[in-house]
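A.B. asks: fold the stuff below for me.
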Amino acid sequence: RKMICTVRCFCLLAISLVVSPAICQERLISRPEEVGVSSEKVGELSEYMQSLVDQGKIAGGVTMMARHGKVVHLEAVGMADIETQEPVKTDSIFRIASMTKPLTSVAVMMLWEEGKLELDEPVSKYIPEFQKPEVLVTVNPLTTRPAEQEITIRQLLTHTAGLGYSCTKNIGPIYEENEILAGLVRCDISLNEYMKNLAEMPLLFEPGERWEYSLATDVLGRVVEVVSKKSFDRVIEEDICRPLGMHDTFFIVPEEKRPRLVSTYVSVGKCLRKVKTGEILKEDLLGGPVTISSDYPYDENQSYWSGGGGLSSTITDYMRFCQMLLNGGQLGDVRLLKDSTVKMMTVNQIGKQEIPGLPDLFGFGFSIYPDDENTPKQQLRDAYGWFGYWNTSFKISPRGDWIVIAMSQVAYVDGQTPEWMAEYEELAAGAIVR
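C.D. replies: Numbers count the residues shown, from 1 in each chain. Have a look, this model is predicted:
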């Protein structure tokens, strides 16, 4: 049964009570055309998400778009929980997984602006166990050689450090054997201890040699702890979320807000299966198996604050974060970063290195569409963003001054999920009429 849980935000005053803080002092507008957005075209964002619900590919979700600091679209469709028939709402809480990474990058760059760390200094300055790294030579038998250089903060920000994930070819089985898992699983080991264990693993390649998606951002979380002298969850809460008014973004969702947490699903053939509390899954991701669970946002024993994947949030909270970036580091009266710093984070920082399978460039925590024929739509050229394992994504267009975010909660499927994310971006870009 088709179910649209709310009508478009530009049609209902009631939604303004929920959403109006999302772009700080900015008001909702009744006609998206006021900021050069087609009402009809922008509505296709939720229509597309509804089509995924109707096809049984997702249970439900929320789409949101803003231009020139004005919310032009916000709509929830489908179910937060199929079994209980609980509808998704615009204030539902989603596990944003790797969309945590940009917040971690911002935390690092805030410390850089304060002169508390340098980008080209070795990470071993803050985590001594990373001194004298070894590079993997052969897997079976396991042989290594001394690395020619140490990992730097810059290489962690750009995923060129030589680290990987448990699903990464060659290095993944070594991580798995040593229980070096991603941040999408319950873990009662502290970030400090976890990083010491990771530092004992061989590197996949010489630091700086190439790009490989990895636990680098989790390492940055520990660097932030050491430099700030605060636990990483406190840094995210006190230095980013609270100043920006992101009151529904957490590593551990408070008990009173857990009813708003959307259930997670995995695709099984043409059906969706709900992930049970306490269930540990082995899912294929990027060519290898990854260990995941869905109850880490409410496990009171959790003490591993994953800078690479541990946060849960609402779409309106994340819009505040994105708008801060699009504004050049400022939201309302709150400034987290200088405009020049945001620009540095969101331009190519990996030279001619390539992201496997993509034409994208990479900055400090963001992929970036190139300003060339590889990006056919002008509105998407130089746009930057990222995505999360549970099917959340965002794109920020400095050229068109707009943001689009989509959130659902079904495990990533190679080939299929990237198509959905690309479609949201294409629809948003196509909605710009002037």
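A.B. asks: quick one, strands of the stretch 251-400 of the chain?
C.D. replies: 265-268, 271-274, 281-285, 288-292, 312-313, 330-331, 334-335, 361-362, 367-368, 384-388, 392-397 (DSSP state E, counting those that start in this stretch).
A.B. asks: for the chain, which segments count as helices?
C.D. replies: Taking DSSP state H as the criterion, the chain contains helices spanning 13-19, 39-42, 44-54, 101-113, 153-157, 172-177, 191-199, 216-228, 232-235, 242-244, 315-326, 339-345, 417-430.
A.B. asks: measure the spatially closest residue to residue 199 that is not a sequence neighbour to residue 175 for me?
C.D. replies: Of all residues not flanking residue 199 in the chain, residue 129 sits nearest, at 3.6 Å (Cβ to Cβ, 6 or more residues apart in numbering). All C-beta atoms are positioned from the backbone trio N, CA, C, and that covers glycine. Using Cβ to Cβ, to the nearest Å, residue 129 is found at 16 Å from residue 175.
A.B. asks: wait, residue 165 touches residue 172, no?
C.D. replies: Yes: with contact defined as Cβ atoms under 8 Å, residue 165 counts as touching residue 172 (6.6 Å).
A.B. asks: which residues do these two both contact?
C.D. replies: residue 288 (Cβ atoms under 8 Å, 6 or more residues apart in numbering).
A.B. asks: more neighbours, those two?
C.D. replies: Neighbours around residue 165 and residue 172, counted as other Cβ atoms under 10 Å, are more numerous at residue 165. The numbers are 25 against 21.
A.B. asks: that older thread, adding mean pLDDT, mean neighbour count and distance to residue 207, write the strands of the stretch 251-400 of the chain out as a markdown table.
C.D. replies: Formatted as a markdown table, these follow (pLDDT from 0 to 100; neighbours: other Cβ atoms under 10 Å; distance: least, Cβ to Cβ, whole Å):
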| stretch | mean pLDDT | mean neighbour count | distance to residue 207 |
| --- | --- | --- | --- |
| strand 265-268 | 93 | 17 | 35 |
| strand 271-274 | 95 | 15 | 40 |
| strand 281-285 | 77 | 15 | 24 |
| strand 288-292 | 82 | 20 | 22 |
| strand 312-313 | 98 | 26 | 32 |
| strand 330-331 | 98 | 21 | 34 |
| strand 334-335 | 98 | 14 | 33 |
| strand 361-362 | 97 | 25 | 16 |
| strand 367-368 | 97 | 20 | 20 |
| strand 384-388 | 97 | 23 | 22 |
| strand 392-397 | 98 | 26 | 29 |
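A.B. asks: just put the ones you listed in CSV and tack on distance to residue 200.
C.D. replies: Below are these laid out as CSV (distance: least, Cβ to Cβ, whole Å):
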stretch, distance to residue 200
strand 265-268, 32
strand 271-274, 36
strand 281-285, 24
strand 288-292, 19
strand 312-313, 30
strand 330-331, 40
strand 334-335, 40
strand 361-362, 27
strand 367-368, 30
strand 384-388, 28
strand 392-397, 32
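A.B. asks: with residue 47 as the reference, name the closest of the ones you listed.
C.D. replies: Nearest to residue 47, of all the strands of the stretch 251-400 of the chain, is strand 392-397, at 17.2 Å by Cβ to Cβ.
A.B. asks: indicate which one of the strands of the stretch 251-400 of the chain is closest to residue 198.
C.D. replies: Per Cβ to Cβ, nearest to residue 198 of the strands of the stretch 251-400 of the chain: strand 288-292, 15.0 Å.
A.B. asks: residues contacting that closest one, please?
C.D. replies: Residues outside strand 288-292 that contact it (Cβ under 8 Å, 6+ apart): 165-169, 172, 176, 181-182, 184-185, 280-284, 389, 411.
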